[in-house]
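Participant: Sequence and predicted structure, then a few things I'm wondering about:
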Amino acid sequence: MLKVLWARLVVATLLPVVLVTVTLYPIFAAHLEERVDSTRQAAEAWLESEYDMLLQGMNESLNQVLATAEFPLLGRFLGRQQAALTPTRDIALQHDREQLEALFDTLLTHFGRYTRLALIDANGHAMVAATATPLLSLPPVVDYGATSAFQEAMLLQQRDLYVSPPHLGASRARDKPRTAVIDIATPVFDDRGQRLGVLMFTLDWSRFTATLPHVREDSQGEALLVDAQGTWLLPGDEAHRVPFGRALANERPAIWQAMSASNQGMVILDEHLLGFRSHDIRTHHYRSQAGMITSEVETQPWRLGVLMPKPGLTDLLSESPVQLLAIALVYLLSVAFGVFWVLSNHRLRSLRQRALQFSREARQNADEVQDLYEHAPCGYHSLDSDGRVLKINRTELEWLGYRAEEVIGKRCYRDFVTPETRAAFDQAFQQVLGLGQEGAAECELLCRDGTRLPVVIQATAHVTEDGFQYSRATVFDLSERKKLEERLAEQAMTDPLTGLGNRRYLEDQATMEIARAERSGAPLSLIAIDLDHFKRINDTYGHDVGDLVLQEFAHLTRQMLRDGDVLCRMGGEEFAIMLPGTGEKQAMQVAERLRQAIERAPAKVGRSISRDGTLAYSISLGVTLVNAGETSLKLAIKRADKALYTAKQNGRNRAAYQK
Ligand SMILES: Nc1nc2c(ncn2[C@@H]2O[C@H](COP(=O)(O)OP(=O)(O)OP(=O)(O)O)[C@@H](O)[C@H]2O)c(=O)[nH]1
C-alpha cells in the first residue's frame, strides 16, 4: 500500500513538471527565437556600421593622400631638390621645405589619425617628414628605398595608390608596445609628368579601428577583422582578444572556419551568433578620386565580422527575476496540486475501502441477525397498533403453518390465539399498547392444522417521540414444558410399581366423582383392599417376589373392573377401588368377585419359588358407601378401613361392609 503511494507521489511530481514544461517550452522557444532574431538584426546593423566606418575612414584617408599629392608644392620641392647642387643653401628650396613641414604639421594635427607623413624622393630618401608627437618611429625611417610601400608606389601612375597591409609600426613610447599602422603611398609627379618621388601617409591603424563601436570592452558584441589569410587585424590585449597579427585559425578555429567558408553570412556557433562580410580595399568604393589601388594581393579582401552572444534560455530567465519566480511558482503549485491530489485520493480510497469493509461486515452482521431472527428457537413478531402482523419470523410461521405472505399485513395476530386464551392475550396486548410497557401472556395458538400450541408471549412497545410505533414480541413454545408438567403431575399421582394411581390420584378423582354423584344422585362406593399376610410373603420369598405379587394383583384387578372404576394403590400392600354409580350391594358383589378371582388365580412368580411357578395369596376387603354431603373420601376411607379391619378380624380372605 505504502509502495503504491510512493509510486503515485513520484508520478504526481513528475507529471506536472512534464506538463508545465511541455506547455511553457513553446512559449519560451518562440520568445527565444524572437530574441535570436533581434540579436541577428543587431549583429547585421553593427556589421553594417563597421563596414561603413572602415569604408568611410579609408576613403577619407585615401582622398587626403591624393589631395595632398596634388599640391604643386610637393612636385616643385622635389624638382628643386633634385636640381639643387647644395640644397641647404638654396633659399627657395628651404622655403618650400618650411611650407611643406607646415602643411604636414597641419595635416597631422588636423586629422590626428596619422603617425607620420613623409615626402620621399625617387631614391627613397625622406625629404620632408613629420611625426605625430610623441609618436616615435622605431627606428626613425629615413631611407624608404627598401620598403615595399615606396617601391610599389614608385611604379604607380598619377592618382594611383598603394595601401599596405596593417603592420606594427610606431610606439607611443619607448617602453610601450608598437601600434599597428597602414602605409598609404602615391607617386608625386611634377607638372611635366615626371615621377619625382612618393608621398606616404602612415595611418594609425590601432586608433582608427579603436573607434569601431563593438571593439569596446563594455560592448555586447565583439568586432572581428582579419585579412584573407586569417591574420588578426585588430589591436587586442592578451587577456580578451586575439593579439594583433596572430592567425585566427589558431586562436579561434571555429570562427575562422565559418568566416573563410564564404564571403558573407550569419551563422550560429555554439553560444554565439557570427555575422561577417568581405571588404576589399582595392574595389571601386575608393575610386571617387583614386585611380588604381594596389595592395599585397594575398591579404585582400579583409573579412569583417561581429560576434554576439546568442541569447539562451538561462539568459532569458535571469533577465527577469519576476518571470523566473512566476515559473518556479507554477512548477511548485502544479507539483503541490499533484501531491495534494494523490494524498487526498489516497485518503478517499482508504476511506472508501474502510466503508466497503464496514458495509460488508454490516451486511454480514445483518444477515446473521436476520438468520438468528428467522431461525431462533422462539417466535418473533411485530404488530402495529391494530394488532396486525408487520413482521414475523420463520420459526413462528412454521409453528402456525402459514407462509409469510399470508400473514404479514393481512392477519391480526389475535386471530391465531384460541378463544379460550384470548382474554389473557388482550389484557397483555392492551398493556403494551396503552402504557407502552412490557406485557406477557400465556396463550394457546391455533395452528392451521387445528392443533393448539401453548405459548408464552412477551411483548414490548417500540415508542418514539411520535408515540407508539409497533410492538415486538417474543413467543416461547410451551408445549414441551406442558408435557413435562403433565408427566410430572401424572408421575406424582402414579404408583411406579404397579402403574396404578396413588392415594393423591384417588383423592383427585374423588373430588370429581363426589361432585358428579352429588349432581346425579348416583351412589359412589369405596372398597379398601389389603393383601393378607403379605409380610410373610416378603419374608419367605423376598421383596422382589412381594413386588411381583403386588403387580399381579394390580393387573388382575384392573382387568376385572369397569371403565370409570378407579383402582389405586394406597401404599404398601393396601389398595382402594372407587366405584361410581355403584351401591352397597353391587359393591359387595364386586368385592366378592374380586376376592374369589384372586383366590383362584395365584400370582405368577417363577419356578424358583414354587413348582408351578405360582404363589397363592388372598385379599381382605372393606366396603363402604360415600355418604351424601361428604366432600372428600376422608370419612369413607376410614369406614372402608374399619370394614377391612373387620374382615381381617373375621379370618381374612373375605369382604366386610361398614355403613
Ligand atoms: N414386597 C413388598 N412389600 C411391601 C411393600 N409395601 C409394604 N410391604 C410389606 O407388606 C407388609 C405388610 O405387613 P403387615 O402390615 O404386617 O400385614 P400382613 O403381613 O399383610 O398381615 P395382615 O395384613 O394382618 O394380613 C410389610 O412387611 C411391608 O414391608 C411393597 O411395595 N413391596
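Facilitator: Good, I have the coordinates.
Participant: Next up, the contacts around the closest residue to Glu271 other than its chain neighbours.
Facilitator: Excluding its sequence neighbours, the residue lying closest to Glu271 (CB to CB, 6 or more residues apart in numbering) is Lys310, at 5.5 Å. C-betas here are computed from N, CA, C, even on glycine. Neighbour list for Lys310: Val36, Thr39, Ile268, Asp270, Glu271, His272, Leu273 [criterion: CB atoms under 8 Å, 6 or more residues apart in numbering].
Participant: ok, and the closest non-adjacent residue to whichever residue of the stretch 551-659 of the chain sits closest to the ligand?
Facilitator: Among the residues of the stretch 551-659 of the chain, Gly572 lies closest to the ligand, at 3.2 Å counting by CB to the nearest ligand atom. Here the nearest residue to Gly572 in space, its sequence neighbours aside, is Phe534; by CB to CB, 6+ apart that works out to 7.7 Å.
Participant: Touching, the one you found and Asp547? I think so.
Facilitator: No. Counting by CB atoms under 8 Å, Phe534 does not reach Asp547; the two are 10.9 Å apart.
Participant: So these two - more neighbours on which side?
Facilitator: Phe534 (18 against 14; other CB atoms under 10 Å).
Participant: How about the residues of the chain by the ligand?
Facilitator: Listed as neighbours of the ligand in the chain under the rule CB under 6 Å from any ligand atom: 497, 530-536, 538, 543, 546-547, 550, 572-573, 648, 652.
Participant: How about the residue in the chain that the ligand sits nearest to: what's its closest non-neighbour residue?
Facilitator: In the chain, no residue comes nearer to the ligand than Gly546, which is 2.3 Å away by CB to the nearest ligand atom. Spatial nearest neighbour of Gly546, excluding adjacent residues (CB to CB, 6+ apart): Asn538 at 4.2 Å.
Participant: and what of Ala146?
Facilitator: The spatial neighbour of Ala146 that comes closest, neighbours along the chain excluded (CB to CB, 6+ apart), is Gly124 at 7.1 Å.
Participant: give me every residue that touches that neighbour.
Facilitator: Contacts of Gly124 by CB under 8 Å, 6+ apart are Asp143, Tyr144, Gly145, Ala146, Thr147, Phe150.
Participant: Repeat that for Asn502.
Facilitator: Asn502 neighbours (CB under 8 Å, 6+ apart): Met493, Thr494, Asp495, Cys568, Arg569, Met570, Gly571.
Participant: One more: Ile598?
Facilitator: Phe553, Leu556, Thr557, Tyr617, Ser618, Ile619.
Participant: Quick check: the fourth one vs Cys443, distance?
Facilitator: Relative to Cys443, Tyr617 is positioned 53 Å away (criterion: CB to CB, to the nearest Å).
Participant: Next: the fifth one.
Facilitator: As judged by CB to CB, Ser618 and Cys443 stand 54 Å apart.
Participant: can you confirm Gly409 is in a strand?
Facilitator: No. Counting by DSSP: H, G, I helix; E, B strand; the rest coil, Gly409 is not found in a strand; it is coil.
Participant: can you count the residues close to it?
Facilitator: By other CB under 10 Å, the residues close to Gly409 number 11.
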